[in-house]
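**Student:** Sequence isn't available, so here's the structure alone:
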């Protein structure tokens, strides 16, 4: 992961957590997860942040493991959701994760990677999905050039095809380019069956 982004999510974890919790519930994303995820399946939330979505998944009966690169965010996640397993893992390698899951979600994380690391991240996200499992992947859209937010976070610019070309058309269950009901930002959401 980009080092300035990594450091921002450590130093400003409490601020980000407060911001995420103050946003409306991402009901549009949750509707998609309920529709496409394998019911009660073993589920990994990659880039789980403060555990908001992992907690929601656990409440819906999924067996959830949340992973993030920020120890500070993981500490908040454990505090808010003591019934969920949380551990450190870092994209693009996810070398800390040997298990495979029925469902894997990676919500607005990959755009923080330098573009040259995204292919490896996609390969490793697919690696941790069981055969015939489901991958949910979303990213915030940046048009034109990469942007470095004032807090240090990187937002890589790439077209949807840069991601879509890594998945066969037959494996894509859903794709949308929309404004998030939660953040109000433009996001792409991709749901694929991995086999």
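**Tutor:** Happy to help now that I have it. Keep in mind the model is a prediction, meaning the values are calculated, not measured.
**Student:** I'd like the next helix or strand past the biggest helix by length in the chain.
**Tutor:** The longest helix of the chain (DSSP state H) is helix 115-127. Moving toward the C-terminus from helix 115-127, the next helix or strand (DSSP states H and E) is strand 129-140.
**Student:** what pairs with that following strand, and is each one parallel or antiparallel?
**Tutor:** Sheet pairing for strand 129-140, assigned by DSSP bridges, gives strand 101-106 (parallel), strand 186-194 (antiparallel).
**Student:** could those strands go into CSV alongside mean neighbour count and distance to residue 131?
**Tutor:** From N, CA and C alone the C-beta is placed, and that goes for glycine too. What follows is these, written out as CSV (neighbours: other C-beta atoms under 10 Å; distance: least, C-beta to C-beta, whole Å):
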stretch, mean neighbour count, distance to residue 131
strand 101-106, 25, 10
strand 186-194, 20, 7
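**Student:** With distance to residue 19 and mean pLDDT as new columns, can those be given to me in JSON lines?
**Tutor:** Formatted as JSON lines, the entries for these read as follows, by distance: least, C-beta to C-beta, whole Å; pLDDT from 0 to 100:
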{"stretch": "strand 101-106", "distance to residue 19": "20", "mean pLDDT": "98"}
{"stretch": "strand 186-194", "distance to residue 19": "16", "mean pLDDT": "97"}
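**Student:** Compute the distance between residue 29 and residue 146, please.
**Tutor:** In this view, residue 29 and residue 146 are 25 Å apart by C-beta to C-beta, to the nearest Å.
**Student:** Neighbour count for the two, which is higher?
**Tutor:** Counting neighbours by other C-beta atoms under 10 Å for residue 29 and for residue 146 shows that residue 29 has the greater number, 22 against 14.
**Student:** so what pLDDT did that one get?
**Tutor:** At residue 29, the pLDDT value in this model is 94.
**Student:** before we move on, the earlier item: out of the strands paired with strand 129-140, flag the one nearest residue 159.
**Tutor:** The closest of the strands paired with strand 129-140 to residue 159 is strand 186-194. By C-beta to C-beta, the value is 9.6 Å.
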